[in-house]
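Student: Predicted model and sequence follow; I will ask about them next.
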Amino acid sequence: MSEALSLVNAEYGSDGVILHTRTYKRGGLLGIGARSVVEVTAAKGKDIGRQRLRHSRRDRLSAPSVEPTAPTAGQLIKQTYAAARAEFEKTVPVPTTSQVTASELPVMQPHDDLLAAEMRTVKRMISRLAQQQDLHQRVDRASSFPESLFDRYLKLIEQDVTEELAHKIVSQVQQRLEQRELGDDRACHDAVRKVIADQIPTDDQLPPAGLSPDGRPRTIALVGPTGVGKTTTIAKLAATFKLKQNKRVALVTADTYRIAAVDQLRTYAGIIGVPLQVVASPSEITRSMEAFSDYDVVLIDTAGRSQRDDHRLEELSSLLKSARPHDVHLVLSSTCTRAVLLEAVERFNRIRTDSIIFTKLDEAVTFGVLLNVTIDVNKRLSYLTTGQEVPHQIELGRAERLADLVMGESTAGSSDPLGGTFQGALEVE
């Protein structure tokens with residue numbers, strides 16, 4: 001064999017390619033004295049590549065021109081299932097009922113589990129392919145937009161606005177604008193911004209002032225998952241109402257699970273000059289509400305609950321029923337994905353929530369997710385926060401403001417968004 005390889009190398013050099021080898025006996029009498037012969041078929045690699053390319057091109061030219069038809073997701077699932085079932089039956093034959101007793105039946109559970117897992121994987125892959133195909137079709141449709149609108153469409157996609165919503169927004173703009181306006185980049189920008197703002201439900205009332213209609217202090221509770229910034233946000237609201245609007249404000253915290261959170265809010269309460277009570281049960285929160293009955297505003301901070309912790313959510317529901325807040329704000333972080341935000345909204349829907357506060361806008365990469373979620377859940381947008389500074393970096397959740405963010409405008413809010421004349425910031429060590 002080594003001699004044959006040497007001959008191939010001598011003939012073709014480094015381009016030599018062995019295509020086939022065969023070893024057989026030659027000579028001798030009745031197999032006695034025969035010697036082994038190695039037959040080697042070789043060729044030059046470049047010649048083989050050219051030949052294959054010619055054959056491939058000839059096959060393509062001779063084949064009839066037929067547009068490929070991709071099977072539907074349903075057809076792929078049926079084909080895959082049929083192939084898997086055929087393989088399964090070939091591997092584990094199932095005897096007829098008359099041939100076996102119960103003890104003789106083959107144990108197929110592990111194979112069935114494997115088959116089910118494989119089917120789930122295939123279905124997920126097919127689902128993704130179907131979604132991608134649908135996305136390509138939508139992008140093709142979007143390519144018919146005028147250039148200025150198509151640019152806006154792409155920017156919405158870059159901001160993580162869902163493709164369906166982006167297409168809907170730009171389509172509405174195309175219907176609203178006249179032909180001459182579609183060529184005006186500024187007109188298209190303003191029209192897209194207005195269409196976005198029109199779809200965002202907001203709490204257009206000013207922050208509460210004075211007593212509520214039922215004679216109690218305006219009672220506001222903040223709820224939400226852990227780590228979204230509820231304590232900092234409630235400190236901002238307390239400072240706004242007390243220092244900027246000169247209201248009598250009281251704080252109640254039910255976040256007894258985190259000592260650091262209670263200490264942080266107690267420090268803020270001391271700086272702002274408002275009373276704070278810590279409660280751990282529905283009866284305690286009832287007594288606190290009675291003690292603060294002559295205040296203008298009572299703000300209730302709650303412990304962060306995992307949206308998957310049903311027991312803690314039940315505890316929270318009991319506390320809120322005793323407190324009877326006028327407004328319950330669901331606090332969500334703008335750094336989370338759409339799936340996480342929607343899951344939180346769905347879980348906290350077991351508790352009464354009136355509006356949404358989006359926090360940490362200064363840490364968000366894109367803002368289309370906020371638009372998606374706000375429209376999906378159809379809850380009012382009450383406040384936005386853009387940093388940790390108290391009492392600043394909080395503002396009313398205006399539809400135009402969120403539209404600006406989605407359009408790529410600055411995340412920085414106004415220096416004094418909720419009114420008043422307080423200057424400086426409150427710092428907590």
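Tutor: Yep, that arrived. No experiment lies behind these values; they were computed from the predicted model shown.
Student: Would you state the strands of the stretch 151-300 of the chain in chain order?
Tutor: 218-223, 249-253, 276-278, 297-301 (DSSP state E, counting those that start in this stretch).
Student: Turn those strands into JSON lines, including mean neighbour count, mean pLDDT and distance to Thr41.
Tutor: Where C-beta positions appear, they are placed from N, C-alpha and C, glycine not excepted. Converted to JSON lines, the strands of the stretch 151-300 of the chain look like this (neighbours: other C-beta atoms under 10 Å; pLDDT from 0 to 100; distance: least, C-beta to C-beta, whole Å):
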{"stretch": "strand 218-223", "mean neighbour count": "24", "mean pLDDT": "94", "distance to Thr41": "78"}
{"stretch": "strand 249-253", "mean neighbour count": "26", "mean pLDDT": "94", "distance to Thr41": "85"}
{"stretch": "strand 276-278", "mean neighbour count": "18", "mean pLDDT": "93", "distance to Thr41": "89"}
{"stretch": "strand 297-301", "mean neighbour count": "26", "mean pLDDT": "94", "distance to Thr41": "83"}
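Student: Asp376 is nearest to which of those strands?
Tutor: Each of the strands of the stretch 151-300 of the chain has some distance to Asp376 by C-beta to C-beta; the shortest is strand 218-223, at 18.8 Å.
Student: Give the pairing partners of the closest one; include direction for each.
Tutor: Under the criterion DSSP bridges, strand 218-223 sits next to strand 297-301 (parallel), strand 327-333 (parallel) in its sheet.
Student: how about these in TSV, adding distance to Gly215?
Tutor: Shown next, in TSV, are the strands paired with strand 218-223 (distance: least, C-beta to C-beta, whole Å):
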stretch	distance to Gly215
strand 297-301	13
strand 327-333	16
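Student: Out of the strands of the stretch 151-300 of the chain, flag the one nearest Leu156.
Tutor: strand 218-223 (30.5 Å).
Student: Report the backbone C-alpha coordinates of that closest one in PDB.
Tutor: Output in PDB follows, covering the C-alpha atoms of strand 218-223 (Å, rounded to 0.1, in the frame of the first residue of the first chain):
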ATOM      1  CA  ARG A 218     -55.400  59.800  48.700                       C
ATOM      2  CA  THR A 219     -54.000  56.300  49.200                       C
ATOM      3  CA  ILE A 220     -51.500  55.000  46.700                       C
ATOM      4  CA  ALA A 221     -49.900  51.500  46.700                       C
ATOM      5  CA  LEU A 222     -47.000  50.300  44.700                       C
ATOM      6  CA  VAL A 223     -46.700  46.600  43.900                       C
END
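Student: ok and it relative to strand 249-253, angle-wise?
Tutor: Interaxial angle, strand 218-223 versus strand 249-253 (axes from the mean of the first three to the mean of the last three C-alpha atoms, to 10 degrees): 30 degrees.
Student: How about residues contacting strand 218-223?
Tutor: 208-212, 230, 233-234, 237, 289, 296-302, 305, 316, 320, 323-331, 348, 351, 353, 357 (C-beta atoms under 8 Å, 6 or more residues apart in numbering).
Student: separation between the closest residue to Pro275 other than its chain neighbours and Phe145?
Tutor: Counting by C-beta to C-beta, 6 or more residues apart in numbering, Ala250 is the residue found nearest to Pro275 once chain neighbours are left out, at 5.2 Å. Per C-beta to C-beta, to the nearest Å, Ala250 is found 54 Å from Phe145.
Student: again with Met289
Tutor: Taking C-beta to C-beta, one finds Met289 at 55 Å from Phe145.
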